[in-house]
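[1] Build me a model from this:
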Amino acid sequence: MYGLLFHRSRFIFLFTIFSLFSSVLSGQVNSENGWVLPTRGTVRVLMVFVEVEHDLDTSVDDFPDGHKNWEVNELPEYKDNIFNVFEGEDSLKALTRYYSECSFGELTVLGDYYPEVVTVKQSEIGRSKTKILKAVVETLNSADILTTRNLSFEDFDFWQDESARGVQKIPSTEFTGVDHLMVFLRNFSAIQSANGQASSSSGGIVGGFPTDSYSIFGGGKGMPFKILKHEFNHLLIGGNNFHSGGGNSFNFRSYLPALQGGWSMMGAANSAFLTPSGWDRYWLGWKPNENNYLISARNEEGREVNGDIDSDKGTQTYVLRDFIATGDVLRIELPFIPDGEFPQWIWLENHTTYAHNGSPTDVFNYEHYDCIKPALPGLYLMRQIDANVKEGSRIYSNVYADYLKPLPVNGTFDFVWDDEQIDLGSCVDNGPHYVHELIDEFENPLSGHHSLEEPFFYTDKSTKITRNDVRRKSIRRTSDGSYFRHPHLGDAAYGMRQGEVEYIGIGTNPSTASSITHVNSRKGKSNNSENSDAVYLNGISIRILETLPDLSIVVEVGFNDTLIQEPRRWAGSDVILNNHNSQGTDLYVESTLTFDRGKTITRFVEPDTVKGETYFSSPTVLRIKRGARMTVEEDIRLLKDSRIIVEDGGELELLRKSKVLLEDSAEIIFENGAAIFGKGKIKFKGNSEGAVGDELLKEVKRRTCQKKRFSSKP
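    Residues are numbered from 1 along each chain as shown. Sure thing, here's the model as predicted:
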């Protein structure tokens, strides 16, 4: 069992060829319509609370003596704090407020409950969820009055049941079934507390008609807010392939090797924030009424501007107010990713946190624990991978999980692990954890682990990665020897803010470059033709210019960044340098740039052994494309089979006193039509080598390059 931290999410849904066909017939499929339930208007949930009488085996009773939040034979203490019953009530309950906040008031989710606990006998239901639902339905159908507010079945039916997914929802004119039945269990061991399921199919016939959808949750320890909103959000966003933002698990095929955390409406127990993401609001079409753009920001004069930007915009300055309250957000399209590979974007959101915006979800998930440091206001970044087409019959099937990849600005690294676990006492969960460090020597801005994902580690020299090789729970040892508990659940250092990390670009860690993708279920090969096995460099830069008194952030976004000012280590597979700077060089190396083999796992089979170490990654290759130029003022080091390939029309400029040092079987290759010039040196150690076209680079090897332009053209 996953326990508190790692919930089990099983979302049972029917998605057949027939439903796809009927979607086309009944109307245009659009994600803004909602997958099963509507994204606008009102939905009222019918809730039922259930406990099990363990008349066969009391040892499997999770809470035989009850819990302070749910006493035996009583309704839970949180029963009136889940949903508002009616619109217009003075204060908003937890889930009603959550959906109002996410949608800017476009979606109202209400709810009310059957007024008595439904008791089922273990001898009659066993471990069957279906039998529990049957008992619930029988109880509801035998009741004259459903709820404490004397509501009837009709009060829980706002929408016609639509088997087609993503089509416009039609309001009900007469009762045809409860829109959503939600069951809470006090002590059913098959669905433990904080776990849950949801379904787009019927939970049974209530009032003469099948319910449109249902969900079922373990709630014996308290309101299961995280899993409740996660599962209900499936009915708005999509099926199992939409797990993301800290709500994914190993069962689902994902764009990335490691499970991602972060934040999203599809997030849950392993999220940092529990807020929506910019992508969620984009997918569901939620924006403030006064906005003209779905992705919206402000300029320095306070006027709304389109926040969906690309390199054609050039360098621009934007103002981002609080993301939760205003919806201000920027999305930057990453250039140079070829057609046929998954497109990518970077989202920028200004989270001012609960202390300033009053949002109960704009906090780190577990910061109410003494061991978890609280969130601080800042600019928090996220990558979007694919998951962008919002219309058409295949929008719900052509998406994989973890389409959102956080971009914490404390950087990405090949994690360095201790061999043994340590136990620092209870914190969110119990038990020992493995310890890792983030060491500058092993930084990896292009393909390394970030702290908001669940990192991999392999325990032997096997030929493939197995689940036993995965360290899902970890502690970070900081530079002063202290420990940071559960870093994947949030750290204020992950956000950009003035006086700390104010700038990221081509030469920083993290980088604004694209991410390698590897559609896979964490085993075997990935043969998806749309994977990006390369990292595409670009000139995108993000700079905080000012933080205003109301915590709005003035940010500059540019597309001509070229500079590496600090020592940097790059590891990945192919690293592609295109011409993004029309004014001159595209990559200017002002410090030492090292190309190395990455220790972070980017594939699950076919490891290589280099100098006695096992790598589930490929050698690093920098490709300088036609029209692109790399200028070196200091040093380039190529290690462990790394290569530089200057393609036809590409240029390498070596300034005076600069060096390119090749070792460990490294290579430098100048294809026909490539150019090298300057007064720097190329030096070779061991069995490293260079070539011009089909010839070894003898005229450049171990000597100063000529001042004149050197070209490999025949």
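
[2] and stretch 502-510, which residues are buried?
    By neighbour count with 16 or more other Cβ atoms under 10 Å, stretch 502-510 contains the buried residues 502, 504-510. Heads up, the C-betas are built off the backbone N, CA and C, glycines and all.

[3] Looking at those, spot the one nearest residue 70.
    Out of these, the one with the shortest distance to residue 70 is residue 510. That distance is 43.6 Å, counting by Cβ to Cβ.

[4] In terms of helices and strands, where is the closest one?
    Assigning secondary structure by DSSP states H and E places residue 510 outside every helix and strand.

[5] contacting residues around it?
    Residues in contact with residue 510 (Cβ atoms under 8 Å, 6 or more residues apart in numbering) are 407-409, 411-412, 445, 450, 504.

[6] so how far is residue 503 from it?
    Counting by Cβ to Cβ, to the nearest Å, the separation of residue 510 from residue 503 is 11 Å.

[7] Show me which of the contacts of residue 510 are buried.
    When the contacts of residue 510 are checked for burial by 16+ other Cβ under 10 Å, the buried set is 407-409, 411-412, 445, 450, 504.

[8] Pull the most distant pair out of these.
    Within the buried ones among the contacts of residue 510, 450 and 504 form the most distant pair, 12.7 Å apart (Cβ to Cβ).

[9] nearest residue to the spatially most central residue of the chain other than its sequence neighbours?
    Central residue of the chain (Cα atoms, centre = their mean): residue 404, 3.2 Å from the mean position. Of all residues beyond its chain neighbours, the one nearest residue 404 is residue 244 (4.6 Å), with distances taken as Cβ to Cβ, 6 or more residues apart in numbering.

[10] mind listing what the one you found touches?
    Residue 244 makes contact with 260, 262, 264, 266-267, 401-404 under the criterion Cβ under 8 Å, 6+ apart.

[11] So in that sheet, which strands flank the top strand by length along the chain, and in what orientation?
    Secondary structure of the chain read by DSSP state E shows that its longest strand is strand 41-53. Under the criterion DSSP bridges, strand 41-53 sits next to strand 107-113 (parallel), strand 118-121 (parallel), strand 180-185 (parallel) in its sheet.

[12] can you list the buried residues of stretch 502-510 in a markdown table and add distance to residue 613, secondary structure and pLDDT?
    Below are the buried residues of stretch 502-510 laid out as a markdown table (distance: Cβ to Cβ, whole Å; DSSP: H, G, I helix; E, B strand; the rest coil; pLDDT from 0 to 100):
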| residue | distance to residue 613 | secondary structure | pLDDT |
| --- | --- | --- | --- |
| 502 | 36 | coil | 98 |
| 504 | 30 | strand | 98 |
| 505 | 31 | coil | 98 |
| 506 | 28 | coil | 98 |
| 507 | 27 | coil | 97 |
| 508 | 27 | coil | 98 |
| 509 | 22 | coil | 98 |
| 510 | 24 | coil | 98 |
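
[13] Surely residue 133 is within a strand?
    No. Applying DSSP: H, G, I helix; E, B strand; the rest coil, one finds residue 133 to be helix, outside a strand.

[14] Might you report the residue contacts of it?
    Taking Cβ under 8 Å, 6+ apart as the definition of contact, the neighbours of residue 133 are 183, 203-204, 214, 216.

[15] In strands, which of the residues you listed fall?
    In strands, defined here by DSSP E, the members of these are 183, 214, 216.

[16] For my notes, please list the residues you listed in TSV and give neighbour count for each entry.
    Listed next are those as TSV, based on neighbours: other Cβ atoms under 10 Å:
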residue	neighbour count
183	26
214	27
216	25
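
[17] Now flag whichever of those residues is closest to residue 281.
    Compare each of those with residue 281 using Cβ to Cβ and the shortest gap goes to residue 214, at 26.2 Å.

[18] where's that closest one relative to residue 140, distance?
    Distance of residue 214 to residue 140, computed by Cβ to Cβ: 12 Å.

[19] now residue 459
    Taken as Cβ to Cβ, the spacing of residue 459 relative to residue 140 amounts to 51 Å.
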